[in-house]
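Asks: From the sequence below, what's the structure:
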Amino acid sequence: MAPSASTETVSSTLSLKGEKKHAENDEKAVVAGKEMTPLEAISHGMVMPGIPTFPSYAAGRRHILVHMAATFRFFARSGFTEGQSGHISVRDPEHPGLMWMNPLGRHFGMLRAGDMVCLDIATGRVAGGNTSRPANAAGYLIHSAVHKRRPHDVHAVCHAHSNAGRAWSVFARPLEMLNQDVCNFHNAHAVYARYGGIVFGSEEGEHIAEALGEGNKGVILMNHGLLTVGSTVDEAGFMFGLMDRACEMQLAVEAAAANGLPKQIISDEEAAYNFKMASETHALYREAQPDLEYEFEMAGGEDALARGFESLQRLAP
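Replies: Reported below is the predicted structural model:
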């Protein structure tokens, strides 16, 4: 049935309003002829700081591993644990051919910087860190494949078997742009629509990396779970939590829609604008900080999560 004239008028009016709103927003986002960064645009008064820099590789490494431990504790608080499953990897700031991973079998909520194991991305060789525990073999095969495929923009990879992520993965469908927040994945996530069992061979890891593709921030793994990436562990961890919550909302919306309630999907134009304003690396690093600062507070400060860092075995690239 063709739309009525009134429906066409409303759609046209909404489209014009959307174009006008974006023009006004773009105008506000330019100061003294220079386009504002997303952090400048969102900050009223002083500008929130973005990704920090450090005077030495050691200081940068300590920051990364402490934030990695805090991200794991955020995962634990969010219910992303499932036995020994799940892993996060972060590329070393000094030696890009090495990555840090969590040890196998230690609860996410107990991890500190001094627990992390350093692996050679190309070979899987243990290159340093905490050598008293093994790493997850399946985790190495998945993460190394992603790091090899995306050497320049991906510095951290998160994978876990969250409930909502596993439930939505059964449908092998991408997320719909149902709300403002999920627009962080607009044209930036993929679906791996096959299941190859527990990853004990490099081929399945390579298939997952191929499905993730170039430029995407996450991939839904059918019958398996979710995987997200980022330029920092903070970004990758925040995006994992966001993707899992988006899966939970998608499931709830599908249940309501099955009872006859119509969906209102955000348009591609609006979703693209939201993505542009919210998905810059410094902005996504900043998005993660409230959750990580909470974990620092609960642990007794950042130094508590840095415990064991000074004792980590020296790296052997």
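
Asks: When you work out contacts or count neighbours from here on, use the C-alpha atoms and nothing else.
Replies: OK.

Asks: shouldn't Lys148 be in contact with Ile121?
Replies: Yes - applying CA atoms under 8 Å as the test, Lys148 and Ile121 come out as touching, 7.5 Å apart.

Asks: the more surrounded of the two?
Replies: When Lys148 and Ile121 are compared on other CA atoms under 10 Å, the one with more neighbours turns out to be Ile121, at 23 against 15.

Asks: Do you know the pLDDT at the more buried one?
Replies: pLDDT for Ile121: 98.

Asks: start at 765 instead
Replies: Got it, the first residue is 765 from now on, which makes the last one we talked about Ile885.

Asks: can you pull the contacts of it?
Replies: Ile885 makes contact with 861-863, 908, 911-912 under the criterion CA atoms under 8 Å, 6 or more residues apart in numbering.

Asks: Which residues belonging to stretch 930-937 are considered buried?
Replies: Residues of stretch 930-937 classed as buried: 930-933, 936 (neighbour count, 16 or more other CA atoms under 10 Å).

Asks: Likewise for stretch 894-902?
Replies: 894-895, 899-900, 902.

Asks: do stretch 841-854 as well
Replies: 844-845, 849-854.

Asks: So which of the contacts of Ile885 belong to helices?
Replies: 908, 911-912 (DSSP state H).

Asks: what ranges do the helices span in this protein?
Replies: 769-792, 802-806, 821-841, 901-913, 927-933, 966-976, 997-1022, 1032-1042, 1045-1063, 1066-1069.

Asks: Need those in CSV (columns: distance to Leu990).
Replies: Below are the helices of the chain laid out as CSV (distance: least, CA to CA, whole Å):
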stretch, distance to Leu990
helix 769-792, 32
helix 802-806, 27
helix 821-841, 13
helix 901-913, 12
helix 927-933, 6
helix 966-976, 11
helix 997-1022, 7
helix 1032-1042, 20
helix 1045-1063, 18
helix 1066-1069, 26
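
Asks: about what we covered before: now the buried residues of stretch 841-854 in JSON lines, with pLDDT and distance to Gly1065?
Replies: Output for these, formatted as JSON lines (pLDDT from 0 to 100; distance: CA to CA, whole Å):
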{"residue": "Phe844", "pLDDT": "98", "distance to Gly1065": "23"}
{"residue": "Thr845", "pLDDT": "97", "distance to Gly1065": "23"}
{"residue": "Ser849", "pLDDT": "96", "distance to Gly1065": "27"}
{"residue": "Gly850", "pLDDT": "97", "distance to Gly1065": "25"}
{"residue": "His851", "pLDDT": "98", "distance to Gly1065": "23"}
{"residue": "Ile852", "pLDDT": "98", "distance to Gly1065": "22"}
{"residue": "Ser853", "pLDDT": "98", "distance to Gly1065": "23"}
{"residue": "Val854", "pLDDT": "98", "distance to Gly1065": "22"}
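
Asks: From Phe818, how far off is the closest residue to Asp884 other than its chain neighbours?
Replies: Distances taken as CA to CA, 6 or more residues apart in numbering place Leu862 nearest to Asp884, at 4.6 Å, with adjacent residues excluded. Using CA to CA, to the nearest Å, Leu862 is found at 19 Å from Phe818.

Asks: which of these two has more neighbours?
Replies: Set Leu862 next to Phe818 and count neighbours by other CA under 10 Å: Leu862 wins out with 28 against 10.

Asks: Just to check, the more buried one is in contact with Val881?
Replies: No - under the criterion of CA under 8 Å, Leu862 is not in contact with Val881, lying 10.3 Å apart.

Asks: that older thread, how about JSON lines for the buried residues of stretch 894-902, with distance to Phe1039 and pLDDT added?
Replies: Output for the buried residues of stretch 894-902, formatted as JSON lines (distance: CA to CA, whole Å; pLDDT from 0 to 100):
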{"residue": "Asn894", "distance to Phe1039": "38", "pLDDT": "97"}
{"residue": "Thr895", "distance to Phe1039": "41", "pLDDT": "95"}
{"residue": "Ala899", "distance to Phe1039": "35", "pLDDT": "96"}
{"residue": "Asn900", "distance to Phe1039": "34", "pLDDT": "95"}
{"residue": "Ala902", "distance to Phe1039": "32", "pLDDT": "94"}
